[in-house]
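>>> structure here, sequence nowhere to be found:
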């Protein structure tokens, strides 16, 4: 894994390029960047965001981002690997978590659409079952994978880059 370097003088745009998990991590930990009231601009530096939100420990803020990015990276699988599992006929759950209005471009071969009317049915799967989530760009599937990991599922993945990468 490539080491991530983040400094207080980096812009948020630059940080999000090296650590896409930063937005989610900062919102979860500090309620920063998730809405208009707590947002930031791409050109704001991390130091400025910390100051604007009264965050005193910028080292902790940096570590929060790095840890979140490392965790996200551990749960991502390359599209080629998923295609190989499908081609080999391996038994796993492949779940498309795109919203109904996002699936107009078609189905993802081998994936079942998430049943938004009965999302709880997936909680009944064995905790060790391999489950692979896919969304349009990989962001929402990371959130869904994190939710399942938080419910003690041990073999959870999301497709790096989502449908955009899977169908490329």
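On my side now, so go ahead. Predicted model, so just to flag it, every value in this text is computed and none were measured.

>>> which strands and helices sit next to the helix or strand containing residue 47?
Following DSSP states H and E, one finds residue 47 within helix 46-52. Judged by 3 or more Cβ pairs under 8 Å, 6 or more residues apart in numbering; DSSP states H and E, the packing partners of helix 46-52 are helix 12-18, helix 58-74. C-beta coordinates here come from the backbone N, C-alpha and C atoms, glycine included.

>>> can you list the domain ranges for this protein.
Domain ranges of the chain: 12-74, 76-166, per automatic domain parsing.

>>> gap between the two ends of the first one?
According to Cα to Cα, to the nearest Å, domain 12-74 extends 23 Å from its N-terminal end residue to its C-terminal end residue.

>>> mind listing what the one residue sitting closest to the centre of the chain touches?
Taking Cα atoms, centre = their mean, the centroid of the chain lies closest to residue 142, which sits 2.7 Å from it. By Cβ atoms under 8 Å, 6 or more residues apart in numbering, the contact set of residue 142 is 21, 24, 72, 75, 76, 158.

>>> buried residues, the helix or strand it falls within. List them.
Residue 142 belongs to helix 139-150 when assigned by DSSP H and E. By 16 or more other Cβ atoms under 10 Å, the buried positions in helix 139-150 come out as 140, 141, 142, 144, 145, 146, 148.

>>> and stretch 99-106, by the same measure?
Result for stretch 99-106 [16+ other Cβ under 10 Å]: no buried residues.

>>> now it, how far from the chain's geometric center?
Remark: stretch 99-106 is offset 19 Å from the chain centroid, using Cα atoms, centre = their mean, to the nearest Å.

>>> could you give the mean pLDDT of that stretch?
Taken as a whole, stretch 99-106 carries a mean pLDDT of 82.

>>> quick check: the gap between the residue nearest to the centre of the chain and residue 154.
17 Å (Cβ to Cβ, to the nearest Å).

>>> ok so, going back, looking at the helices and strands packed on helix 46-52, which has the lowest confidence?
helix 58-74 (a mean of 90).

>>> circling back: out of the helices and strands packed on helix 46-52, flag the one nearest residue 6.
helix 58-74 (4.9 Å; Cβ to Cβ).

>>> okay, now the sheet partners of the next helix or strand along the chain from the closest one, with direction.
Note on helix 58-74: by DSSP H and E, the next helix or strand toward the C-terminus is strand 76-77. Counting by DSSP bridges, the strands paired with strand 76-77 are strand 156-159 (parallel).
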